[in-house]
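Peer 1: Fold the following and give me the result.
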Amino acid sequence: MLTLYAQLFGGFAMRYGEKPILIKKVDTSKAAKLLLMLLIAAPEGVTKNELIDSLYDWDERLDQSSCNRNLNNVIYRLRGILVSAGLPADNYVENDDGICRLSGSIPLETDLNSFEKAVTEALDSGKEPDIRLLEEAKRLYAGVLYPPQTTCQWFIERSYYYKKLFLRVIDALEKEYRKNSDYKSLLALYTQAASIYPYENWQVRQIRCCMDMYRYDDAMAIYEQTMEMYARDMGCPPTEEMQKCFEEMGLQGNGRPHERRDLSSWKTMETIFMGREGNIIKTIFEKEGVAGAYYCTYPSFIDYCRVLMRSRTRHDPRAMLMFLTLNQSFSNKKALQCMDTLKDAIGHSLRRGDTYTRYGNRHFILMLTDINKEDCGIVFTRIEKTYYNMSPGGGELWYHAAMTQELEEAMAGKSSAAEAE
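Peer 2: Numbers count the residues shown, from 1 in each chain. Modelled structure (predicted):
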């Protein structure tokens with residue numbers, strides 16, 4: 001007999017045997033929301049009160065009889081939707097003693113049930129954790145519970161429940177992989193967690209795992225990508241733990257004992273400086289012919305600015321800070337595309353000695369050297385022209401520029417005033 005299968009981790013999909021079952025307006029219609037709730041709660045079902053609260057958002061204008069009547073109408077529509085989508089005629093939804101559940105002659109499987117069963121059998125049997133079942137559970141957890149963004153408390157509670165199960169899987173597999181020094185599998189585990197929960201610091205474990213494997217270039221790449229993500233999406237640097245991780249990049253991570261490198265084989269310090277293991281020269285110096293401004297992550301930009309300000313003791317770089325804003329009112333997807341285009345436009349419009357970084361989802365900060373305040377308008381016009389040539393109609397650009405020396409003096413004045421108070 002053919003089985004109806006539903007995927008609810010990381011997205012929504014249904015198939016009957018090998019045939020896809022397409023449900024329209026799965027994000028908006030009440031019938032589709034009812035289907036999601038019944039699939040998530042299968043086979044136990046959902047109480048009528050929970051369904052009414054979730055479908056009608058606690059609408060106090062509806063009395064109990066109206067709520068029951070409306071719910072029955074939604075159930076009736078759902079049955080018709082499932083048949084129209086390609087399923088054979090059947091009842092599909094039963095309403096018994098205040099509980100609604102999926103029913104019918106077709107066997108039902110969901111990734112949620114398979115995931116929960118694998119976790120329970122692997123960790124709650126009273127025996128040693130079953131690694132095979134844990135890895136199957138890891139595979140099934142393809143993302144957060146669908147729908148991923150909702151204010152409905154019913155969905156939020158169930159999403160959190162499955163997240164806790166997934167964290168148990170990670171904890172058990174982490175111990176097993178470390179016991180066997182299986183850093184490759186450990187890195188894949190952290191990478192999956194970071195892709196699903198990008199703002200929960202899993203990148204720190206990724207980086208330290210890379211360092212355990214002596215893959216320092218990969219560790220640095222993950223660090224840079226994380227810096228970019230935090231600056232782009234949140235307008236702030238990552239956590240203090242991530243900053244500390246950067247400082248440890250060239251050292252052994254996580255406080256675990258490791259076999260030290262034998263330096264006796266290196267004949268000279270020049271070999272270490274130029275050799276395969278520590279090619280510092282190759283890392284520091286860019287390839288010849290690289291044009292345009294230098295883009296860096298926000299923390300790196302801050303470090304560069306501080307060093308530049310300290311250099312005033314020897315010479316005045318006549319440095320300007322320019323704050324560039326893209327004012328837009330289009331979709332998030334287009335906004336991200338326009339910000340990427342603006343990043344390229346800035347890079348092509350500035351000189352090789354200039355530096356810039358992204359700050360949040362609408363701003364860039366530019367550090368311009370050997371320039372007067374009067375020239376900033378010319379620089380902005382050049383950026384604006386380049387941007388609109390690359391992205392016509394992509395929002396409106398604004399800018400504000402100030403001498404770093406003026407900003408520094410203003411900050412010193414505020415500090416003195418605060419101390420005086």
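Peer 1: what residues go with each domain of this structure?
Peer 2: 4-110, 111-247, 294-420 (automatic domain parsing).
Peer 1: List of residues touching the strand or helix carrying residue 337?
Peer 2: Using DSSP states H and E, residue 337 sits in helix 332-349. With contact meaning C-beta atoms under 8 Å, 6 or more residues apart in numbering, helix 332-349 is reached by 232, 292-293, 295, 324, 326, 328, 330, 356, 358, 361-362, 364, 366, 379, 382-383, 386-387, 390-391, 394-395, 397. For the C-beta atoms, the positions are set from N, CA and C on the backbone; glycine is no exception.
Peer 1: That one: how far from the chain's middle?
Peer 2: A distance of 19 Å separates the centroid of the chain from that of helix 332-349, by C-alpha atoms, centre = their mean, to the nearest Å.
Peer 1: for stretch 386-401, same thing?
Peer 2: Here the centre of stretch 386-401 is set off from its chain's centre by 27 Å, with C-alpha atoms, centre = their mean.
Peer 1: so how far is residue 82 from the nearest residue in space to residue 79 that is not next to it in sequence?
Peer 2: Leaving aside its sequence neighbours, residue 79 sits nearest to residue 92 (C-beta to C-beta, 6 or more residues apart in numbering; 5.2 Å). Taking C-beta to C-beta, to the nearest Å as the measure, residue 92 falls 5 Å from residue 82.
Peer 1: can you check residue 33 too?
Peer 2: Taking C-beta to C-beta, one finds residue 33 at 14 Å from residue 82.
Peer 1: same deal with residue 104?
Peer 2: 9 Å.
Peer 1: Comparing these two, which residue is more hemmed in?
Peer 2: Ranked by neighbour count (other C-beta atoms under 10 Å), residue 104 and residue 82 place residue 82 first, with 25 against 17.
Peer 1: Can you say which helix or strand has that one in it?
Peer 2: Take DSSP H and E as the rule and residue 82 turns out to sit in helix 64-84.
Peer 1: For that helix, the averaged confidence score.
Peer 2: Averaging pLDDT along helix 64-84 gives 87.
Peer 1: need the next SSE after it, C-terminal direction.
Peer 2: Note on helix 64-84: by DSSP H and E, the next helix or strand toward the C-terminus is strand 93-96.
Peer 1: buried ones in the helix or strand following that next one?
Peer 2: Counting by DSSP H and E, the next helix or strand C-terminal to strand 93-96 is strand 99-102. Residues of strand 99-102 classed as buried: 100, 102 (neighbour count, 16 or more other C-beta atoms under 10 Å).
Peer 1: which residues touch the residue most central in space within the chain?
Peer 2: Centroid-nearest residue in the chain: residue 198, 3.5 Å away (criterion: C-alpha atoms, centre = their mean). Residue 198 makes contact with residue 229, according to C-beta under 8 Å, 6+ apart.
Peer 1: That one in helix, strand or coil?
Peer 2: coil (DSSP: H, G, I helix; E, B strand; the rest coil).
Peer 1: Quick check on it: phi, psi?
Peer 2: When read as degrees, to the nearest 10, the backbone of residue 198 gives phi -70, psi -20.
Peer 1: So for it, what's the pLDDT?
Peer 2: We note a pLDDT of 93 for residue 198 in this prediction.
Peer 1: Also residue 117?
Peer 2: Looking at residue 117, its pLDDT is 96.
Peer 1: OK, contacts around it?
Peer 2: Contacts of residue 117 (C-beta under 8 Å, 6+ apart): none.
Peer 1: Repeat the analysis, applying 10 Å as the threshold.
Peer 2: Counting by C-beta atoms under 10 Å, 6 or more residues apart in numbering, residue 117 makes contact with 133, 136, 137, 140.
Peer 1: Fine by me, we can end here.
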